[in-house]
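# Here is the input, now give the coordinates:
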Amino acid sequence: MYLSPHVQITWKIESLCRYYEVPIILTENLYALMSLKAWNTLRKIDVILIKESKDPIGLFTFDISYPDESKANSLPENHEFG
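Coordinates of the predicted model:
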């Protein structure tokens, strides 16, 4: 069975979520497509080299705050977590 290098790169980057203890990792390629407003919400966590890619890959994440479910009912109806 053949797997594209892109699939292997994606699988490896996705598996790094546990290593960096973050829920989402974005590559620099996706970061470059985002707006300035989005850039301001992301932070660079590392630059990696993997054998499937000849170029270094920048990794970005953003911090997500999860609601405390016991307090969620006391928040205003239009409150957004982020």
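# residues near the spatially closest residue to residue 12 that is not a sequence neighbour, how many?
Leaving out its chain neighbours, the residue that sits closest to residue 12 by Cβ to Cβ, 6 or more residues apart in numbering is residue 50, at 5.8 Å. Bear in mind the C-beta positions are built from the backbone N, C-alpha and C, glycine included. Residues lying near residue 50 (other Cβ atoms under 10 Å) number 14.
# ditto for residue 25
Residue 25 sits with 19 neighbouring residues when counted by other Cβ under 10 Å.
# dump the residue contacts of it.
Taking Cβ atoms under 8 Å, 6 or more residues apart in numbering as the contact definition, residue 25 lies against 13-14, 16-17, 45, 59-61.
# Let me see the contact set for the closest residue to residue 24 other than its chain neighbours.
Nearest residue to residue 24 in three dimensions, chain neighbours excluded: residue 61, at 5.9 Å (Cβ to Cβ, 6+ apart). Applying Cβ under 8 Å, 6+ apart, we find residue 61 in contact with 20, 22-26, 42-43, 45.
# where do the helices sit along this protein?
5-20, 28-33, 36-39, 69-72 (DSSP state H).
# Tell me the helices and strands packed up against the second one.
The reference is to helix 28-33. strand 57-61 (3 or more Cβ pairs under 8 Å, 6 or more residues apart in numbering; DSSP states H and E).
# Can you get me the centre-to-centre distance for the strand it packs on and its chain?
Distance, stretch centre to chain centre, for strand 57-61: 7 Å (Cα atoms, centre = their mean, to the nearest Å).
# No more questions from me, cheers.
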